[in-house]
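**Student:** predicted coordinates and the sequence they were generated for:
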Amino acid sequence: MGEVLANSRFYVDIDGIYSDLYIKSVSGLGSSLEATDDSNAHGASKYAMSFMQATVTGVNTSNITIAFVGSAEDSSLYNWYKNSHSSKFIGGATLLGGTRKTASIIVYDQGGGEGARWDLNGLFPVSDKCSQFSVDSASLYEETLEFSYETMKRIS
């Protein structure tokens, strides 16, 4: 058995976005295959043998959620989110014209090298949420963005 990877040694690299984000968590990475209905016979062949087959008809990807600790100097993810949607959030053109990005989610091994990597294409932000503010809180400011993507491929 090879080296076991730790969940706490990871980073998200998004094309064209400030690269020193303090990522707290990433969740939701996954995909599933759509298949034709394989529980019913599609026809019968000679000698009354039923013909059944599951055939892949498409791929679904789940949205990923990235939570990060915000800083006063960086608003790059929020700006990308804001510019990806119409200014009034009711339709019309966007400042980015539907531009999507590529991203990589990297899990590091104990030596600091890449232990596992997923490349995402067609990534764009679909929601943005800030942490709760409270005068008695000892928590850091966080932002959580949800992203949709077109394809996912595990590289290593």
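**Tutor:** Right, received. Where do you want to start? Numbering: from 1, shown residues only.

**Student:** contacting residues for residue 55?
**Tutor:** 35, 36 (CB atoms under 8 Å, 6 or more residues apart in numbering). For every residue, glycine as well, the C-beta is placed using N, CA and C.

**Student:** swap in 6 Å and give it another go.
**Tutor:** When contacts are counted by CB atoms under 6 Å, 6 or more residues apart in numbering, residue 55 touches residue 36.

**Student:** give me the element residue 33 is part of.
**Tutor:** Element membership for residue 33 (DSSP states H and E) is strand 31-35.

**Student:** give me the pLDDT for residue 33.
**Tutor:** As predicted, residue 33 sits at a pLDDT of 85.

**Student:** distance check, it against residue 57.
**Tutor:** Distance, residue 33 to residue 57, by CB to CB, to the nearest Å: 8 Å.

**Student:** how about the residue of the chain positioned farthest from its centre, phi and psi?
**Tutor:** Distance to the chain centre peaks in the chain at residue 47, reaching 49.3 Å (criterion: CA atoms, centre = their mean). Backbone torsions for residue 47, taken as degrees, to the nearest 10, come to phi 70, psi 20.

**Student:** next: residue 77.
**Tutor:** On the backbone of residue 77 - angles per degrees, to the nearest 10 - the values are phi -70, psi -40.

**Student:** find the nearest non-adjacent residue to residue 34, please.
**Tutor:** residue 58 (4.1 Å; CB to CB, 6 or more residues apart in numbering).

**Student:** which helix or strand contains the one you found?
**Tutor:** Counting by DSSP H and E, residue 58 is part of strand 56-61.
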